[in-house]
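[1] Coordinates only, no sequence provided:
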Ligand code: HEC
């Protein structure tokens, strides 16, 4: 029993070492989800991808923060949380990145930032719970539409 386990471990580590030795440079690798993925690939450099995904995580935090505020019926907390994902988030992107994006992708991105700024205004002006949730519904429609249509590729 014991011997067999050591043998398996030995084979596994030999395989891991071979895989590491054969590893392709990052630029030659396919995006992990590329096989059979029908979405249009958006080609960006590694730092651009990092920046875009970091913005995506900010989006998700914003959505969670607004949902939490609404769950507690506290719409006064919404404006600064929504504004984090507004147009100011675009300030972190390099202008050249915009030129590489498919126009429909770029316009969905601009529209999403704009909708977050409008939601911040709406909540600051005392918008109702239903108005805020309607704005959230529309924003999340953008999240879904873009994710259905595009994927990133190095
Ligand atoms: C204009 C297009 C677009 C819009 C709008 C968009 N995303 Fe994304 N998002 C992407 C792409 C492209 C990826 C990478 C997906 C891939 O390569 O499979 C991504 C990835 C993500 C990720 C993964 C981040 C990581 O670290 O890997 C999260 C979370 C995310 N998006 C959240 C959101 C949320 C929430 C919204 C709406 C508020 C949103 N996104 C709107 C294009 C978009």
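    That came through fine. Everything quoted here is computed from the prediction, not taken from an experiment.
[2] alpha carbons only for contacts and neighbour counts from here, please
    OK.
[3] which is the next helix or strand following the least confident helix or strand in the chain by mean pLDDT?
    Lowest on mean pLDDT, DSSP states H and E among the helices and strands of the chain sits helix 2-22, with a mean of 45. Later in the chain than helix 2-22, the nearest helix or strand by DSSP states H and E is strand 40-43.
[4] just checking, what packs against that following strand?
    With contacts defined as 3 or more CA pairs under 8 Å, 6 or more residues apart in numbering; DSSP states H and E, the packing partners of strand 40-43 are strand 150-153.
[5] Any idea how far the strand it packs on is from the middle of the chain?
    11 Å (CA atoms, centre = their mean, to the nearest Å).
[6] Stretch 137-146 now?
    12 Å.
[7] Do any residues in it lie close to the ligand?
    Yes - contact of stretch 137-146 with the ligand (CA under 6 Å from any ligand atom) involves 139, 140, 142, 143, 146.
[8] Please list only the buried members of the residues you listed.
    139, 142, 143, 146 (16 or more other CA atoms under 10 Å).
[9] Quick one: mean pLDDT over the one helix or strand the last one maps to.
    Taking DSSP H and E as the criterion, residue 146 maps to helix 129-149. Predicted confidence along helix 129-149 averages 98 (mean pLDDT).
[10] do stretch 55-66 as well
    pLDDT averaged over stretch 55-66 gives 98.
[11] Flag every buried residue along that stretch.
    Those would be 55, 58, 59, 61, 62, 63, 65, 66, for stretch 55-66 by 16+ other CA under 10 Å.
[12] about what we covered before: which helices and strands sit right next to the helix holding residue 146?
    Applying 3+ CA pairs under 8 Å, 6+ apart, we find helix 129-149 packed against helix 103-124.
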